[in-house]
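Visitor: Fold the following for me, if possible:
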Amino acid sequence: MNRQEFEELRDLPGKAIDGDIRFVAKKTASPILIAEANIKNDRNIDAKLTITCNPEIDVVSFNVSTSVGPICRLDIRGHNHPPVGRNHKHALQAERCPDRNLPDEVTDFSAISNLSVRELFERFLGMAKIKHNGVFAPPDGMR
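Guide: Next up, the predicted model:
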């Protein structure tokens, strides 16, 4: 996937997540909680949203991936990524970006660093132009 294809998918109207979003704990990833959902779209691109939360340190990450790998990630209160800090967004810039974990042109998102998980979910869906048809159940112990 190149940058133009990424932008076309990002801007594609009619994307939707059908079904409830619930976080589960996995023994191998404790204390991280994970929620996953398929993103339906008119181009039938196999796209998935994975949300990870660590209630012990109040970290949230939204990761969209396709068959090529990760194409977009929003990290809030996460790993420090100089020069933009702990609240930032990664997005595919070139075809090799998924292989390199989206390192290029990371964007500052400090303006939303104090939002709750639910508010972050709603903000992410708005940025990605995705409609959610279901219930969002934020993880216990997180704002």
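Visitor: Secondary structure class of residue 5, three-state.
Guide: In the three-state summary, residue 5 is assigned as helix, counting by DSSP: H, G, I helix; E, B strand; the rest coil.
Visitor: from what I can see residue 68 touches residue 100, true?
Guide: No: here residue 68 does not reach residue 100: they are 12.0 Å apart, not a contact under C-beta atoms under 8 Å. Placement of C-beta: from N, CA and C, glycine included.
Visitor: So for these two, which sits in the more crowded spot?
Guide: Here residue 68 and residue 100 are set side by side on neighbour count (other C-beta atoms under 10 Å), and the busier one is residue 68, at 18 against 12.
Visitor: so how far is residue 26 from that one?
Guide: Plainly put, residue 68 is 24 Å away from residue 26 if you go by C-beta to C-beta, to the nearest Å.
Visitor: same check, this time on residue 126
Guide: Counting by C-beta to C-beta, the gap from residue 126 to residue 26 is 28 Å.
Visitor: likewise residue 134?
Guide: According to C-beta to C-beta, residue 134 stands 21 Å off from residue 26.
Visitor: Please apply the same query to residue 142.
Guide: Taking C-beta to C-beta as the measure, residue 142 and residue 26 are separated by 17 Å.
Visitor: Which one's more surrounded, the two?
Guide: Counted by other C-beta under 10 Å, residue 142 and residue 26 do not tie: residue 142 has more neighbours, with 17 against 9.
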